[in-house]
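Engineer: Sequence below, structure please.
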Amino acid sequence: MQNKSNTSTSPFDQYLDIFEVRSLKVFQKSRKWELNVKLKDFTYIQQIKGIEENLINAFNLTGVKISVEEGIIGNCHTSIIRNHWTDLKQMIFSKNPAFIGFLKDAVVDVHDNNTVITVPTKIIADYLLVRKCDKIFEDYLKSYLKLDSRILIKYKDETFVEKEYLDSINKEEQLLVKRVLENKASYSNKSDGKSNDGPRESVILGKPFNDKPVRISELNDDSGRVAIEGGIFGVEVKNLNNGKTIICFNISDFTNSITVKLFVKDEGSTAKLLEGIAEGKYVRVKGDVQFDTYLKEIVVFPQNIIEVERVKRTDKAQEKRIELHAHTSMSSMDGMCSASQLIKRAKEWGHKAIAITDHGVVQSFPEAYETAKKAGIKVIYGVEGYFINDGVPIIYNEKEYGLKEEFVVFDIETTGLSASNDKITEIGAVKLKNGRISDTFSRLINPEIDIPSKITELTGITNDMVANEKTIAEVLPEFIAFIGELPVVAHNA
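Structural biologist: Alright, predicted model coming up:
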């Protein structure tokens, strides 16, 4: 039930110098008010929002909405937008903090009845449009200022943006040289008979920073400016037609990996940067997470890069333990490290021995023996065995068949682990005779359902790869014909 009243009573006496209340709607059940007001002087949207909050608190309401019916908000569309631009941004940031980094360098102007927001790059513009930033601005303008204006988000001329960006990089590099020299002098002094308990850091780009790194697996479109840390791999240098260079490299912290993309002005700068950005180096990067329309994924555009020493886990116990239950990569779906890696780590930690106890296999023993012999520690050889009820048959229709005779080994990939809901995406098989491959079979299969992103990470098979392939109903007869009458062996089953 809505009640209308025209009021100038006590609840609004303290705001009489700001506005005059033209109408008030009271929603009794939901405890909400809607006011239409006439402004008496220039008023910021943030100020109106503050009044809404004050009324909510003073009268124990669930919501208050103040709409400007008319008043002094500016002489024209242009003055309204320019006067309220900073105010509008703060309103947007309060509800959408992910926009802060993307709009901090934006400028606003008015053309005809359109409000044009110009950002530095196409990537930023695309991101804001995908997140419907233009619609959010339009709603605020219409709701608080009664201004029906279309918001256009554009980016600067590409050449101009690149020049501006690369000029800033060049200035940073000049500072970089100075800081690197200072760092070298500092490290030289520290290493002159003095210990340095903290990890060493060397500036590669920008300036030093102390931001705590976040996990790469936690990054998304809304992350904004972050710090990440990890090892470098997959360095790629691309020379553009205009003489500029893009350095792309991947960084992994073993929770996930992400691409870092850097624009460079000239060959000299590129050479300097590549001295620090090299395969295997461990770095900390601070930059903006943005969606790259070329790569079709989020990337990091760095402001600062520093090389850091990876802090290794250590065993500081005075009395060292002996690990009696270690699995290597020979333990299917369990261990990830090789026997050599485990033994070397045990040696680093000061352990005198280590037990290798894989699941039902002993294939890691030769590698463990050789590594332990060199490392000078003892290997305790073990295995996790399986009990089999020999009273229950586990093989049916068996017959004598030699390993040198011909048989088929096959493997499949699926969209998941459910036999009832998931589908096959690939069948691969080989025929073996006398221990040699005599024939092969390999087919991608259209599962007719989407492949989850996690499965794509594991198998490398994407929806696009199988979109035009045959279905299982078409491929299965081909596979059966390939097998013929031969025995089949399931790989990794």
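
Engineer: List the buried residues in the strand ranked longest in the chain.
Structural biologist: Criterion DSSP state E: the longest strand present in the chain is strand 225-239. Judged by neighbour count (16 or more other CB atoms under 10 Å), strand 225-239 contains these buried residues: 225-232, 235. Placement of C-beta: from N, CA and C, glycine included.

Engineer: Go through these and say which is closest to V311.
Structural biologist: Distance to V311 across the buried residues of strand 225-239 (CB to CB) is lowest for E229, with 10.0 Å.

Engineer: Show the pLDDT at that closest one.
Structural biologist: E229 is assigned 92 on the pLDDT scale.

Engineer: so K378 touches A372, yeah?
Structural biologist: Yes - in this structure, K378 is within contact of A372 by CB atoms under 8 Å, at 6.8 Å.

Engineer: which neighbours do these two share?
Structural biologist: Common contact partners of K378 and A372 (CB atoms under 8 Å, 6 or more residues apart in numbering): I354.

Engineer: thinking again about what came up before, out of the buried residues of strand 225-239, which is nearest to N36?
Structural biologist: Nearest to N36 among the buried residues of strand 225-239, with distances taken as CB to CB, is R225, at 40.2 Å.

Engineer: do you know how far that closest one is from N210?
Structural biologist: 14 Å (CB to CB, to the nearest Å).

Engineer: per-residue confidence at R310?
Structural biologist: Per the predicted model, pLDDT is 81 at R310.

Engineer: So it belongs to a strand, correct?
Structural biologist: No - using DSSP: H, G, I helix; E, B strand; the rest coil, the assignment for R310 is coil, not a strand.

Engineer: Quick one: neighbours of the residue nearest to it when sequence neighbours are not counted, just the number.
Structural biologist: Excluding its sequence neighbours, the residue lying closest to R310 (CB to CB, 6 or more residues apart in numbering) is Y282, at 4.3 Å. Neighbours of Y282 under the rule other CB atoms under 10 Å: 16.

Engineer: can you pull up the bridge partners for Y282?
Structural biologist: With DSSP bridges applied, Y282 shows beta-bridge pairing to G231.

Engineer: Begin at 26, not 1, for the rest of this chat.
Structural biologist: In the new numbering, first residue 26, that becomes Y307.

Engineer: which residues does it contact?
Structural biologist: Y307 neighbours (CB under 8 Å, 6+ apart): 254-257, 332-335.

Engineer: Of the residues you listed, just say which sits nearest to E430.
Structural biologist: Distance to E430 across the contacts of Y307 (CB to CB) is lowest for G256, with 47.0 Å.

Engineer: Look at G293 and report its pLDDT.
Structural biologist: Note on G293: pLDDT of 68.

Engineer: Do a quick rundown of the strands in the stretch 76-225 of the chain.
Structural biologist: 88-95, 132-136, 139-144, 175-180 (DSSP state E, counting those that start in this stretch).

Engineer: Return the distance of the longest one from the chain's centre.
Structural biologist: I take that to be strand 88-95. Per CA atoms, centre = their mean, to the nearest Å, the displacement of strand 88-95 from the mean C-alpha position of its chain is 40 Å.

Engineer: contacting residues around S463?
Structural biologist: By CB under 8 Å, 6+ apart, the contact set of S463 is 431, 456-457.

Engineer: coming back round to it: may I ask which two of the contacts of Y307 are separated the most?
Structural biologist: Most distant of these, by CB to CB, are I257 and E334, 14.0 Å apart.

Engineer: buried stuff in stretch 315-332?
Structural biologist: Quick answer for stretch 315-332 (16+ other CB under 10 Å): 315-317, 323-332.

Engineer: now swap in stretch 153-173 and tell me
Structural biologist: For stretch 153-173, burial by neighbour count (16+ other CB under 10 Å) applies to 153, 156, 158-159, 161-163, 165-166, 169-170, 172.

Engineer: how long is stretch 139-151 end to end?
Structural biologist: End-to-end distance for stretch 139-151, by CA to CA, to the nearest Å: 18 Å.

Engineer: How are the helices of the protein distributed by residue range?
Structural biologist: Secondary structure of the chain (DSSP state H): helices at 70-83, 102-120, 125-128, 147-155, 158-170, 183-215, 292-301, 364-373, 390-400, 478-484, 488-491, 497-508.

Engineer: just flag whichever of those has the lowest average confidence.
Structural biologist: Of all those, helix 183-215 carries the lowest average pLDDT, namely a mean of 53.

Engineer: Make a markdown table out of the contacts of S463 and add distance to V386, pLDDT and neighbour count.
Structural biologist: Output for these, formatted as a markdown table (distance: CB to CB, whole Å; pLDDT from 0 to 100; neighbours: other CB atoms under 10 Å):
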| residue | distance to V386 | pLDDT | neighbour count |
| --- | --- | --- | --- |
| E431 | 26 | 94 | 16 |
| K456 | 26 | 95 | 19 |
| L457 | 21 | 93 | 18 |
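
Engineer: which ones are touching L60?
Structural biologist: So L60 contacts 46, 48-50, 89-92 (CB under 8 Å, 6+ apart).

Engineer: Tell me which two in these are the farthest apart.
Structural biologist: S48 and V89 (13.8 Å).

Engineer: The two: which has the busier surroundings?
Structural biologist: Higher neighbour count among S48 and V89: V89, with 20 against 14, using other CB under 10 Å.

Engineer: ok, the more buried one touching I81?
Structural biologist: Yes - taking CB under 8 Å as the definition, V89 is a contact partner of I81 at 5.3 Å.

Engineer: For the stretch 276-425 of the chain, which segments count as strands?
Structural biologist: 282-289, 307-317, 322-333, 348-351, 378-384, 403-409.

Engineer: I176 is nearest to which of the ones you listed?
Structural biologist: strand 307-317 (19.6 Å).

Engineer: so how far is V386 from G410?
Structural biologist: In this view, G410 and V386 are 10 Å apart by CB to CB.

Engineer: Among those two, which residue is more densely surrounded?
Structural biologist: Using other CB under 10 Å as the criterion, G410 and V386 rank with V386 on top: 13 against 9.

Engineer: How about the contacts made by the closest residue to that one other than its chain neighbours?
Structural biologist: Spatial nearest neighbour of V386, chain neighbours left out: M355 (5.2 Å); criterion: CB to CB, 6+ apart. The contact partners of M355, by CB under 8 Å, 6+ apart, come to 364, 383, 386, 388-389.

Engineer: what do you get if the cut-off is 10 Å, keeping everything else the same?
Structural biologist: Contacts of M355 were listed using CB atoms under 10 Å, 6 or more residues apart in numbering, and they are 363-364, 381, 383-390, 392.
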